[in-house]
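K.L.:
only geometry, no sequence info:
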């Protein structure tokens, strides 16, 4: 039996494995998008829904743990490019704001299949450009910004940061939590952990086909962080990066390889593997004490790195 972080996580996995398997479809995407009750996150000083102007205008939510000046983090949620939003990651954003001592701007970017790639990346780039204008809606924030994303949100955050690398809009720090780094899902962990560990490779393959409907090696290379990082050159990812993976995650190997590729290319990378945990552990804090503890530690680690990035710039 492979080591699982705690009995609560093992019980959660057993429930998944004995549940009914449903073929992914547009109907299942609609079901995944339905509102549902979720455990609340910690209370904060303020949580405000705002609108980021543009074409299209984007819904966003600003989290602040205090009224004083804070660093700002733009957050990009996961959800396989096809579901998720402000509600699905509300608790995580609250924890991020509190534990990392950062204001958090969660962006409700456009989803596939209605909006294929690169719409989501465009939306995050637009959000970062708006933030750089210093809008009053953000309150007192330090210059510069961190950019964080989990799973598919990690891929989107990486591509947005890469597009802005070397410009005045480049983020100071990037947090990639168990990112989807290879749209082809070709590395060994995708086969070894592809079913029964909380993230189905069958489902993710279908979701990816909605985001990149004209799938080809060229398209996958354009939107896969691994390929972008390996290409280097002017697209070399130059932003300091904190990258986390989980042992029992189909995306583990591609996340680790992305960290190694960036390091070889000269990027400052803090790579943090998590033994015994699964994909999505940041949002499993109410399921597993081990997931909560690991998530808390990762968010605090990000907050420390963000403060150091601001101090180094200042």
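P.N.:
That came in fine, so what should we check first? Keep in mind the model is a prediction, meaning the values are calculated, not measured. Numbering: from 1, shown residues only.
K.L.:
relative to residue 67, how far out is residue 57?
P.N.:
27 Å (Cβ to Cβ, to the nearest Å). From N, CA and C alone the C-beta is placed, and that goes for glycine too.
K.L.:
now residue 183
P.N.:
Counting by Cβ to Cβ, the gap from residue 183 to residue 67 is 42 Å.
K.L.:
so between these two, which is more surrounded?
P.N.:
Relative neighbour count places residue 183 above the other of residue 183 and residue 67, with 26 against 10, counting by other Cβ atoms under 10 Å.
K.L.:
could you list the low-confidence segments of the stretch 1-150 of the chain?
P.N.:
1 (pLDDT under 70).
K.L.:
mind redoing it with 80?
P.N.:
For the stretch 1-150 of the chain, the stretches with pLDDT under 80 are 1-2.
K.L.:
how about the helices in it?
P.N.:
Here the stretch 1-150 of the chain has its helices, by DSSP state H, counting those that start in this stretch, at 7-18, 26-32, 90-99, 119-132.
K.L.:
the stretch 151-300 of the chain too?
P.N.:
152-164, 188-192, 201-211, 217-223, 225-231, 252-264, 289-313.
K.L.:
any buried residues in stretch 200-212, and which?
P.N.:
Using 16 or more other Cβ atoms under 10 Å as the test for burial, stretch 200-212 gives 200-201, 203-212.
K.L.:
list the contacts of stretch 275-286.
P.N.:
3-6, 9, 12-13, 39, 78, 88-89, 91-92, 95, 150-151, 177-178, 197-199, 246-251, 274, 288, 290-292, 294-296, 298-299 (Cβ atoms under 8 Å, 6 or more residues apart in numbering).
K.L.:
could you report the pLDDT at residue 219?
P.N.:
Note on residue 219: pLDDT of 82.
K.L.:
and for residue 237?
P.N.:
65.
K.L.:
need the nearest residue in space to residue 109, chain neighbours excluded.
P.N.:
residue 123 (3.9 Å; Cβ to Cβ, 6 or more residues apart in numbering).
K.L.:
again with residue 129
P.N.:
Nearest one to residue 129, counting by Cβ to Cβ, 6+ apart, is residue 169 at 5.9 Å.
K.L.:
ditto for residue 4
P.N.:
residue 10 (4.5 Å).
K.L.:
for burial, what's the neighbour tally of the one you found?
P.N.:
As a burial measure, residue 10 scores 15 neighbours (other Cβ under 10 Å).
K.L.:
repeat for the one 10 residues further on
P.N.:
Other residues within reach of residue 20, judged by other Cβ under 10 Å, total 4.
K.L.:
any idea how far it is from residue 9?
P.N.:
21 Å.
K.L.:
likewise for residue 163?
P.N.:
Relative to residue 9, and taking Cβ to Cβ, residue 163 is found at 36 Å.
K.L.:
next: residue 302.
P.N.:
22 Å.
K.L.:
comparing those two, which residue is more hemmed in?
P.N.:
Each of residue 302 and residue 9 has its neighbours counted (other Cβ under 10 Å); residue 302 has more, 25 against 22.
K.L.:
list the contacts for the more buried one?
P.N.:
73, 96, 100, 146, 148, 173, 175, 242.
K.L.:
what do you get if the cut-off is 7 Å, keeping everything else the same?
P.N.:
Neighbouring residues of residue 302 by Cβ atoms under 7 Å, 6 or more residues apart in numbering: 100, 148, 175, 242.
K.L.:
swap in residue 20?
P.N.:
So residue 20 contacts nothing (Cβ under 7 Å, 6+ apart).
K.L.:
can you tell me how far it is from residue 70?
P.N.:
45 Å.
K.L.:
could you do residue 125 as well?
P.N.:
For residue 125 relative to residue 70 (Cβ to Cβ), the value is 23 Å.
K.L.:
ok, those two, which is more surrounded?
P.N.:
Counted by other Cβ under 10 Å, residue 125 and residue 70 do not tie: residue 70 has more neighbours, with 21 against 18.
K.L.:
once you drop chain neighbours, what's closest to the more buried one?
P.N.:
Leaving out its chain neighbours, the residue that sits closest to residue 70 by Cβ to Cβ, 6+ apart is residue 103, at 4.6 Å.
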